[in-house]
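Chemist: pasted the sequence and its predicted model underneath.
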Amino acid sequence: MLVGSEDYGRDLTGVQNLRKKHKRLEGELASHEPNILQVQELASKLLQESNLGSEIEKRQIQLATNWQELKDLTNER
């Protein structure tokens with residue numbers, strides 16, 4: 001698992017540190033979201049204009065799936 005962790009902290013300080021790390025991760029993901037959406041949009045345009053449609057579509061689906069999995073792991077609490 002890339003983002004998940006079974007560590008819930010052993011004391012209040014540990015829990016607070018983990019929450020801070022989680023908030024930083026959420027911020028990092030939020031900062032990348034516009035770029036992910038832009039890549040998805042560009043991939044859609046390339047699908048319409050290119051003869052490499054199957055490869056582009058495969059990678060576009062893979063990006064969307066991986067991105068959603070990452071977001072889902074981040075939101076699990």
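Modeler: Received, thanks.
Chemist: please count neighbours and contacts with C-alpha atoms only from this point.
Modeler: OK.
Chemist: what's the first helix or strand after the longest helix belonging to the chain?
Modeler: Assignment by DSSP state H gives helix 12-49 as the longest helix of the chain. Per DSSP states H and E, helix 12-49 leads on to helix 53-75 as the next helix or strand towards the C-terminus.
Chemist: show me where this protein dips below the pLDDT cut-off.
Modeler: Scanning the chain for pLDDT under 70 picks out 1-5, 76-77.
Chemist: mind checking how far the residue lying farthest from the centre of it is from residue 23?
Modeler: Centroid-distance maximum for the chain: residue 11 at 29.1 Å, with CA atoms, centre = their mean. Between residue 11 and residue 23 the computed distance is 18 Å (CA to CA, to the nearest Å).
Chemist: check residue 56 too.
Modeler: 33 Å.
Chemist: name the residue in the two with the higher neighbour count.
Modeler: Neighbours of residue 56 and residue 23, each counted by other CA atoms under 10 Å, are more numerous for residue 56; the result is 16 against 13.
Chemist: what sits against that one?
Modeler: Residue 56 is in contact with 43, 46-47, counting by CA atoms under 8 Å, 6 or more residues apart in numbering.
Chemist: by neighbour count, which of those wins?
Modeler: Neighbour-wise, those (other CA under 10 Å) top out at residue 43, 19 neighbours.
Chemist: that older thread, can I get the contacts of residue 56 in TSV with distance to residue 68?
Modeler: Output for the contacts of residue 56, formatted as TSV (distance: CA to CA, whole Å):
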residue	distance to residue 68
43	17
46	22
47	21
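Chemist: nearest residue to residue 40 in space, please, no chain neighbours.
Modeler: Excluding the flanking residues, the one nearest residue 40 by CA to CA, 6 or more residues apart in numbering is residue 60, at 6.4 Å.
Chemist: wait, doesn't the one you found sit right on residue 43?
Modeler: Yes: at 6.5 Å, residue 60 counts as touching residue 43 under the criterion of CA atoms under 8 Å.
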